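# Quick one: sequence plus predicted model below, questions after.
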Amino acid sequence: MTLTETSSPYLQLDEVPSCPLIYLDNGATTFPKPDEVYRFMDTFYRHAGVNPGRSGFDLCLEAGTLLDDTRKLLCRFFGGTDSNRLVFGYNSTDALNLAISGLIKAGDHVVSTHIDHNATLRPLWKLEQEGVEVDWVDFDLMGWVDPQDIIRRFKKNTIAVVMNHGSNVIGTVQDVATVGKACRERGIHLILDVSQTAGMVPVNLDGLGADVICFTGHKSLMGPMGIGGMYVREGVEITRTRAGGTGVKSAQRSHLDEYPYRMEYGTPNLPGIAGLNAGVKWVEKQGIEAIHRHEMALWTRLRDGLRPIPGVTLYCAEDVPGKERISVLSFNVDGLEAMDTGTMLDVDYNIACRTGLHCTPMVHEHLGTDKIHGTVRFGIGAFNTETHIDAAIHGVREIAEMQKNRKK
C-alpha cells in the first residue's frame, strides 16, 4: 500500500514499510522506520563497524568520516555554524542532564514550565534540593504557555530557561522564539528540549534564540533508539560533569576542553549514528513541511472523528489561530482507566497507543488526569494512513458505546 493510495497529497512514498498492527505510538518512538534506515545501518555496520578516530587504517577513517558527516548534517539541520559543537549522546534526556548540570549551580535561578517532560523536571528537581531556585510556569486552557509569563519571572540571578518546544501529551508547540529573544537580550541561557519537534517542524537555533538544543534520534528524525545529543551555540561553555576516553590527546590527564570532545565520552554509538544519518536524510528528502502537513491532516481527521463520540473527552485539542501543534492527541473514555482503554484497543482492534502519565506529571496535574492515572495518547507518524485513523475512531467509538451500555 502506498500513501498516495490513501489520498495523502503531501508524501509521495514508493512504499509504506510493513507493520503487523496499526501503530499509533509515534510520540514515544517512530515505527516502523524508513527502509533506508534499516539498510544503511546494516550495510555500514557490516562494512565499517570499527571504532572511529582511534587508528589510521582505512575502515577506521571511513567510520570517522561518517561521524563527521553526520555532525555536519545535523549542524545544518539545526541552523548551527560549527559542526564540532554538535555533540552526540544517548538521547535528549542525556543531553539535557549534561546541559542543565553544566550550566546551573547553587544560588542560580531557573525558569521552566508545567508542560515539560521528566527529562527536564527531574534534573531541575534535583538541583532544587541543592540550592537552585526554580520557577514553574503553567499553561493555559488550550495548552500553550504565555511567553510573557516566563519573561515576567526573570530575576537578576536568572541563569537559564529550560523548556519543551512541543508537548508530548497535548501536542502544543510553544512560542519559544519570543522567550529566546528576551533571553538573548538579558544574557540568559535558553536550553531547549526538541525531542518531539525535531523532524516534525523546523528547529533553527538562532530563529528560536536557543543556546542549547537537545534532541533525540528515535522520534521524528527517524533514527534508532540510543542516539541523540545537543548543539551548543558558540560562546556557551558547559562545565564538564564527566570525563573519559576520547581517542584524542590520550596522554593528557584532564578531559579535553574543545568541542565535540568536551561533552563526549568513550566509544560513540556508530550504528546509531549511521541510522540517524539515514533518518535525517530521509526527512530532508520528504520535506519537513510535507511530513507535518500529512500528519496534521490525519490528526484533524482523528480529532474530528473522536470529538462527537459521547463519553469521550479530548484534552487541549482545539485549533487556535496562529498557534502550531504536532500530531499527538490525548483523550479518555468516561468511566474507564486509560490503561484499560489502551488494552482494549490493543487486544480487540490491533491498535498500539500509549497510556498513563507520559513522563509529564505536571501536565496531568493541570488537566486533572493525574487522579485517573493519565490519558490515552495517539501519536501519528509519517507512515500512518487514513485507514489507520478510521480504524482508531471506530475502535474508540465501540469502546465508548460498550462502556455506556454497562452503566445502564
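Okay, I see it. All values reported here derive from a predicted model rather than from experimental measurement. Residues are numbered from 1 along each chain as shown.
# CA atoms of stretch 74-92 as PDB?
Taking C-alpha atoms only, stretch 74-92 is exported to PDB below (Å, rounded to 0.1, in the frame of the first residue of the first chain):
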ATOM      1  CA  LEU A  74      22.800  17.800  11.900                       C
ATOM      2  CA  CYS A  75      24.600  21.100  12.300                       C
ATOM      3  CA  ARG A  76      22.900  22.300   9.100                       C
ATOM      4  CA  PHE A  77      19.600  20.800  10.100                       C
ATOM      5  CA  PHE A  78      19.500  22.800  13.300                       C
ATOM      6  CA  GLY A  79      21.000  26.000  11.800                       C
ATOM      7  CA  GLY A  80      24.300  25.800  13.600                       C
ATOM      8  CA  THR A  81      27.600  27.300  12.500                       C
ATOM      9  CA  ASP A  82      30.200  24.900  13.800                       C
ATOM     10  CA  SER A  83      29.700  21.200  13.300                       C
ATOM     11  CA  ASN A  84      32.200  20.500  16.100                       C
ATOM     12  CA  ARG A  85      29.600  21.900  18.600                       C
ATOM     13  CA  LEU A  86      27.200  19.100  17.500                       C
ATOM     14  CA  VAL A  87      27.700  16.600  20.400                       C
ATOM     15  CA  PHE A  88      26.400  13.000  20.300                       C
ATOM     16  CA  GLY A  89      24.900  11.300  23.300                       C
ATOM     17  CA  TYR A  90      22.300   8.700  24.200                       C
ATOM     18  CA  ASN A  91      19.200  10.800  23.700                       C
ATOM     19  CA  SER A  92      17.700  14.100  24.700                       C
END
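# What is the helix ranked longest in the chain packed up against?
Looking across the chain with DSSP state H, the single longest helix is helix 386-407. Here helix 386-407 touches strand 22-23, helix 288-306, strand 328-333, helix 338-349, strand 351-352, going by 3 or more Cβ pairs under 8 Å, 6 or more residues apart in numbering; DSSP states H and E. Backbone N, C-alpha and C define where each C-beta goes, glycine included.
# one more time with 10 Å
Contact partners of helix 386-407 among helices and strands, from 3 or more Cβ pairs under 10 Å, 6 or more residues apart in numbering; DSSP states H and E: strand 22-23, helix 288-306, strand 312-314, strand 328-333, helix 338-349, strand 351-352, strand 375-379.
# Mean neighbour count and distance to H47 added to the ones you listed, as a markdown table?
Supplementary listing: the helices and strands packed on helix 386-407 in a markdown table, determined by neighbours: other Cβ atoms under 10 Å; distance: least, Cβ to Cβ, whole Å:
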| stretch | mean neighbour count | distance to H47 |
| --- | --- | --- |
| strand 22-23 | 20 | 30 |
| helix 288-306 | 19 | 30 |
| strand 312-314 | 18 | 48 |
| strand 328-333 | 26 | 37 |
| helix 338-349 | 17 | 39 |
| strand 351-352 | 20 | 34 |
| strand 375-379 | 27 | 34 |
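# To A160, which of those lies closest?
Smallest distance to A160 across the helices and strands packed on helix 386-407 (Cβ to Cβ): 26.4 Å, for strand 328-333.
# if we can go back for a sec, residues of the longest helix of the chain that come out buried?
By 16 or more other Cβ atoms under 10 Å, the buried positions in helix 386-407 come out as 386, 388-389, 391-393, 395-397, 399-400, 403.
# swap in stretch 45-52?
Going by 16+ other Cβ under 10 Å, stretch 45-52 has these buried residues: 48, 50, 52.
# which residues touch it?
With contacts defined as Cβ atoms under 10 Å, 6 or more residues apart in numbering, stretch 45-52 is touched by 41, 57-68, 247, 267-268, 270-271, 273-275.
# let's see 7 Å
By Cβ atoms under 7 Å, 6 or more residues apart in numbering, the list of residues contacting stretch 45-52 from outside reads 59-60, 62-64, 67, 267-268, 270-271, 274.
# measure that stretch end to end?
12 Å (Cα to Cα, to the nearest Å).
# for stretch 199-211, same thing?
So stretch 199-211: terminal residues 19 Å apart, Cα to Cα.
# Residues contacting it, please?
In contact with stretch 199-211 (Cβ under 7 Å, 6+ apart) are residues 78-80, 165, 173, 176-177, 180-181, 183-184, 189-192, 194, 197, 213, 219-222, 231, 233, 236, 283, 288, 291-292, 324, 326.
# Got phi/psi on R325?
Per-residue torsions, R325: phi -150, psi 170 (degrees, to the nearest 10).
# Does it touch I170 like I think?
No - counting by Cβ atoms under 7 Å, I170 is not a contact partner of R325; they are 8.1 Å apart.
# between those two, which one's more packed in?
I170 (27 against 24; other Cβ atoms under 10 Å).
# was I right about that one contacting V320?
No - if you go by Cβ under 7 Å, I170 and V320 don't touch, sitting 11.9 Å apart.
# how about JSON lines for the helices and strands packed on helix 386-407, with distance to Y261 and mean pLDDT added?
JSON lines is the format used below for those (distance: least, Cβ to Cβ, whole Å; pLDDT from 0 to 100):
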{"stretch": "strand 22-23", "distance to Y261": "38", "mean pLDDT": "96"}
{"stretch": "helix 288-306", "distance to Y261": "30", "mean pLDDT": "97"}
{"stretch": "strand 312-314", "distance to Y261": "47", "mean pLDDT": "98"}
{"stretch": "strand 328-333", "distance to Y261": "36", "mean pLDDT": "98"}
{"stretch": "helix 338-349", "distance to Y261": "44", "mean pLDDT": "96"}
{"stretch": "strand 351-352", "distance to Y261": "40", "mean pLDDT": "97"}
{"stretch": "strand 375-379", "distance to Y261": "35", "mean pLDDT": "98"}
